[in-house]
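the following block contains a protein sequence and its predicted model.
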Amino acid sequence: MKRVIILGAGFAGLHAAFTLRRALPEVALRVVARSPLFLYRPDSIYVPFGLDPDMLGVLLNPTLTAQHIDQTVGEVTDLDATQRVVTAGGQHFSYDYLLIASGMENAPQQIPGLHHRAHDLTSMASLLALRRAFLQLVEDAGQGRHRRVVLLSPPGRSFAGPLYELALLLDTFLRRQDLRDPVEIVVATWEDQVLPGLAANDALSEVLAGRKIKVLNGWRATEVEPGQIRFEEGRTLSFDVLATLPATRGALRVRDLSYDENGFIRTDLYNRRARVEGQTNIFVAGDAADHPVKQGYVAFAQADVAAHHIISDIKGEAPTHYYEPRTRYIIDGFDTAIYIDSTLDDGPAFVGRSRLWHLSKQILGKYLPWKVRQGEPFGNLFDRPGVSATYPR
């Protein structure tokens, strides 16, 4: 009996696990994760506006048990690729195939003062604190006090999409209370474009400008002081409320793997084969890989490729799935939303903007956690180009 171990229980890890179980009912599957919960992170952006965080979690044990998938909750402390053994939670597990979908971790200490003075959008406690800050912002604006909200993307953060979404949500939140004018919303990012490498950059920039959301491109933060951010070239920016997506690094650091300078696992270009550099039976998907964009759809698509390569190998068939470098996501603004389907270069892009996309995101927020509870792959997210049956040039 072949043994497959999956490190991580986010989008990538669970989609791969459910895909493998459906195709290979006889294979021994184990999921190793740091938490017993699956957290639906795309909807955590609504927590500052009142969403109950308890609505975002799914307890995994009932689902995995029903699917005959073993579960280990704990940290991965060692990997012996020669002997094909993973050590996690104080136990040793042998494998024939390994999929690493362990994600990434924050490195806020790269910017002195950032961790203590900014609301971290990846932390639930910090999102709840940001909710309180927004309520105070409403009170201050209601009394005619001018306030500045800064959303910061520091060097080392590869995808700032949630910051732009938060800016649009806050804009609508304030407009609905007729309190937008006293509040300045600024996005400061080290990147040279709103969405570097994405053909939809101009469309999103136009929307932000139309909402009077100021974007400062090429501003590289160096330090955060009380009420002020310092940037390279002597620039400074004051703030009343500061939120950030911190710089990141790979979350898994064990022997026998090759890493880039930020601790992400090296793969082939754009991780098209979803295979770890120098390994024949170890795959990687999502944020753990050295892919330049860390985003949910990318994780889905790479996990699908990895799972199908493992399936093909076990069945003795030639692989047919390869990852095409592209991304899809919805940036919500409460009253309307923007859908972007784009390659990761200057290729074609589809950009839609309507209330229907807002409703679509609300449906996804129910549908995908439901799929997790059912133990089913995430389905027709891959029916359009994103996973290819032929290797792309």
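Received it, and whenever you're ready, just let me know what you need. Residues are numbered from 1 along each chain as shown.

switch to C-alpha atoms for all contacts and neighbour counts from now on
Fine.

for stretch 349-358, which positions count as buried?
Of the residues in stretch 349-358, those buried under the neighbour-count criterion (16 or more other Cα atoms under 10 Å) are Ala349, Val351, Arg353, Trp357, His358.

that one: end-to-end distance?
Its first and final residues considered, stretch 349-358 spans 19 Å by Cα to Cα, to the nearest Å.

chain center to that stretch, what's the gap?
Here stretch 349-358 is found 20 Å from its chain centre; the criterion is Cα atoms, centre = their mean, to the nearest Å.

need the CA coordinates for stretch 200-216. CSV is fine.
Extracted as CSV, the C-alpha positions of stretch 200-216 are listed here (Å, rounded to 0.1, in the frame of the first residue of the first chain):
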residue,chain,number,x,y,z
ALA,A,200,-5.3,43.9,-14.3
ASN,A,201,-3.1,46.5,-12.6
ASP,A,202,-4.6,49.5,-14.6
ALA,A,203,-8.2,48.5,-13.9
LEU,A,204,-7.7,48.2,-10.1
SER,A,205,-5.7,51.5,-10.0
GLU,A,206,-8.6,53.2,-11.7
VAL,A,207,-11.1,51.9,-9.2
LEU,A,208,-8.9,53.0,-6.3
ALA,A,209,-8.5,56.5,-7.7
GLY,A,210,-12.2,56.8,-8.3
ARG,A,211,-12.8,56.0,-4.6
LYS,A,212,-10.2,58.7,-3.6
ILE,A,213,-7.9,56.0,-2.1
LYS,A,214,-4.4,57.2,-2.4
VAL,A,215,-1.7,54.7,-3.4
LEU,A,216,2.0,55.3,-2.8
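
what's the helix or strand where Ala16 lies in contact with?
Taking DSSP states H and E as the definition, one finds Ala16 inside helix 11-23. Outside helix 11-23, the residues that touch it by Cα atoms under 8 Å, 6 or more residues apart in numbering are 6-8, 27, 29, 31, 67, 69, 99-102, 285-286, 296, 299-300, 302-304, 306-308, 311, 372, 375-378.

helix or strand right after that helix?
The first helix or strand that comes after helix 11-23 along the chain, using DSSP H and E, is strand 28-33.

tell me the helices and strands packed up against that following strand.
The contact analysis (3 or more Cα pairs under 8 Å, 6 or more residues apart in numbering; DSSP states H and E) places strand 28-33 against strand 3-7, helix 11-23, strand 69-73.

want to try CSV for those, with mean neighbour count and distance to Ser35 as columns?
As requested, these are arranged in CSV below (neighbours: other Cα atoms under 10 Å; distance: least, Cα to Cα, whole Å):
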stretch, mean neighbour count, distance to Ser35
strand 3-7, 23, 11
helix 11-23, 24, 13
strand 69-73, 17, 6
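
tabulate these (CSV), appending distance to Ile265.
Supplementary listing: the helices and strands packed on strand 28-33 in CSV, determined by distance: least, Cα to Cα, whole Å:
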stretch, distance to Ile265
strand 3-7, 13
helix 11-23, 15
strand 69-73, 22
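
for Gln91, find the nearest of those.
Proximity to Gln91, assessed across the helices and strands packed on strand 28-33 by Cα to Cα, is greatest for strand 69-73 (9.1 Å).

the helix or strand following that closest one: which residues count as buried?
Using DSSP H and E, the helix or strand that follows strand 69-73 in sequence is strand 76-80. Buried residues in strand 76-80, counting neighbours by 16+ other Cα under 10 Å, are found at Val76, Thr77, Asp78, Leu79.

try stretch 258-275
Taking 16+ other Cα under 10 Å as the basis for neighbour counts, the residues of stretch 258-275 that come out buried are 258-259, 263-267, 270-275.

can I get those residues in a markdown table with distance to Arg326?
A markdown table is the format used below for those (distance: Cα to Cα, whole Å):
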| residue | distance to Arg326 |
| --- | --- |
| Ser258 | 24 |
| Tyr259 | 23 |
| Gly263 | 23 |
| Phe264 | 19 |
| Ile265 | 19 |
| Arg266 | 19 |
| Thr267 | 17 |
| Tyr270 | 10 |
| Asn271 | 12 |
| Arg272 | 11 |
| Arg273 | 14 |
| Ala274 | 14 |
| Arg275 | 18 |
